[in-house]
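**Q** Please find the sequence and the predicted model below.
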Amino acid sequence: MSIVGKIISEHMRARPLAGLRLGFCLHITKETSVLVMSAKALGAKVALCSANPLSAHDEVAAFLYRQGVSVFAWRGESKKEYEKCIRDVVDFKPAIVTDDGGDLHTACHNAGAKILGGTEETTSGVKRLLALQSSSRLAYPVIAVNSARTKHLFDNRYGTGQSTIDGIMRATSVLVAGKQIVVCGYGWVGKGVAARAMGMGASVTVTEIDPVRALEARMDGFAVTKIADAAAHGDIFITCTGQTGVIRKEHFLKMKDGAILANAGHFDVEIDAAYLYSNCKRPKDARPGVEQFNVNGKKLYLLSKGRVANLVLADGNSPEVMALSFANQLLSILHIAKNHAKMEAKVYDVPPAMDDKVARYALASMDIGIDSLTPEQRRYENSTLG
Ligand code: NAD
């Protein structure tokens, strides 16, 4: 993650986060430890909790604790413990909060915490913050890191596309080639998952509610249909929508014996796991992270209790893409530390100059040079006559 290293070395001397308390709510992976240690290196005091009860890597949490970070997280938290860990980060009195999903922002708002500004990593979290903004309840400025092209085009698409398939393969050991895979949602995550699955030889069907994205999926070479029709023929279902109740009772009842259900979206609401748990009281543990339910005499396999498969069953997104996401996070935190007094309580996109800087650093780290406009091309671009 040399891009993050470059940002640190640029700011090391000034230590712009000295004296600031930061609160992080992120999936606790080795990549997250790089972001947290970077904030510490630039002078911040840091508290950290997990953005999902099942995704923390305990060895990373223990490492960060030994480095002086206030860590409130372990793998396998109950819902109550998860919420308490978030409240512990709020009680740390952070000035800047960095969240993945919006639970920490919500807790800060509920507690009336005094926050200078925040950042948000993922699509679902940004949606929650925009809802707060539109009801005039957003209490501090937030930079939507997900809005950066260097975030969603790479982390959501290539990162989550690959790591979701990786999680499913590690957990089930199924052969992807020849399978009928149904991808629900053709946003950035869905596009990535569908492309990787197709590349590995699966026949991929996409379901959508957005007509333009459905058309895009069709022209990208995928079958497109309603989930009610796809339910009967899928071998593996992967939800990537950020919506609730996408796969539910009427779909489970139609599914083939042996169908596998996985979710890549932020919250565990896309597959109606509550129906499965209430109708099949004692699911069988088929393998670690794989529960077998009996629905109408047919076996259905739910992965990671319907929670993010790439982070619970595998290592999450690779360092190459997380370097892009976390470079945006670090620059956004620095931006807030410097400019919060001039910012309003609203959701900001990542400034384009910051986005470009991250891309340029990433290209440089890959030893790739690109062209720039010649003076003639610049004049041509600015001329009105063409
Ligand atoms: P997006 O908004 O780009 O795409 C979501 C798509 O789902 C949209 O095209 C939307 O029309 C479609 N959709 C909504 N409801 C649907 C339904 N009922 N049926 C079918 N399609 C439906 O969002 P994204 O960036 O692709 O993110 C999707 C989810 O993944 C979010 O929850 C996001 O927070 C999460 N995410 C997870 C990871 C990870 O590491 N697992 C990484 C990035 C994002």
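**A** Perfect, thanks for sending it. Fair warning: this is a prediction, and the values are worked out from it, not measured in the lab. Numbers count the residues shown, from 1 in each chain.
**Q** burial of the residue in the chain positioned nearest to the ligand, as a residue count?
**A** Nearest residue of the chain to the ligand: residue 187, at 1.6 Å (Cβ to the nearest ligand atom). Glycine gets a C-beta too; all of them are placed from N, C-alpha and C. Counted with other Cβ atoms under 10 Å, residues neighbouring residue 187 total 18.
**Q** Roughly how far does it sit from residue 318?
**A** For residue 187, the distance to residue 318 (Cβ to Cβ, to the nearest Å) stands at 20 Å.
**Q** ditto for residue 169
**A** On the measure of Cβ to Cβ, residue 169 and residue 318 end up 15 Å apart.
**Q** and if you look at residue 342?
**A** 36 Å.
**Q** ditto for residue 301
**A** With Cβ to Cβ as the criterion, residue 301 and residue 318 are 26 Å apart.
**Q** Tell me which of the two has more neighbours.
**A** residue 301 (21 against 15).
**Q** in the stretch 1-150 of the chain, which spans are strands?
**A** Using DSSP state E, counting those that start in this stretch, the strands of the stretch 1-150 of the chain run over 21-26, 45-50, 70-72, 96-99, 117-120, 142-144.
**Q** what pairs with the fifth one, and is each one parallel or antiparallel?
**A** By that I understand strand 117-120. strand 96-99 (parallel), strand 142-144 (parallel) (DSSP bridges).
**Q** quick one: it near the ligand?
**A** No. Strand 117-120 does not reach the ligand (Cβ under 6 Å from any ligand atom); its nearest approach is 9.8 Å.
**Q** again, but for the second one
**A** No. No part of strand 45-50 sits near the ligand under the criterion Cβ under 6 Å from any ligand atom; the closest distance found is 13.6 Å.
**Q** ok, the closest residue to residue 267 other than its chain neighbours - contacts?
**A** Excluding the flanking residues, the one nearest residue 267 by Cβ to Cβ, 6 or more residues apart in numbering is residue 124, at 6.3 Å. Applying Cβ atoms under 8 Å, 6 or more residues apart in numbering to residue 124 gives the contacts 101-102, 242, 265-267.
**Q** pLDDT value on residue 124, please?
**A** Note for residue 124: predicted pLDDT of 97.
**Q** try the one 4 residues further on
**A** The predicted structure scores residue 128 at 98 on the pLDDT scale.
**Q** Looks like it contacts residue 109 (just checking).
**A** No. Residue 128 lies out of contact with residue 109 (Cβ atoms under 8 Å); the separation is 10.3 Å.
**Q** How many neighbouring residues does residue 362 have?
**A** Count around residue 362 with other Cβ under 10 Å applied: 20.
**Q** scratch that, residue 249 is what I was asking about
**A** 13.
**Q** hang on, it packs against residue 272?
**A** Yes. With contact defined as Cβ under 8 Å, residue 249 counts as touching residue 272 (6.6 Å).
**Q** just to revisit the earlier point, how about the residue of the chain closest to the ligand, what does it touch?
**A** 123, 156, 213, 240-242.
**Q** Residue 218 versus residue 198, what's the distance?
**A** 13 Å.
**Q** Compare these two (neighbour count), which wins?
**A** Neighbour count, other Cβ under 10 Å: between residue 198 and residue 218, residue 198 has more, with 17 against 14.
**Q** mind listing what's buried in whatever helix or strand the more buried one lives in?
**A** Here residue 198 sits within helix 188-199, counting by DSSP states H and E. Across helix 188-199, burial judged by 16 or more other Cβ atoms under 10 Å covers 188-198.
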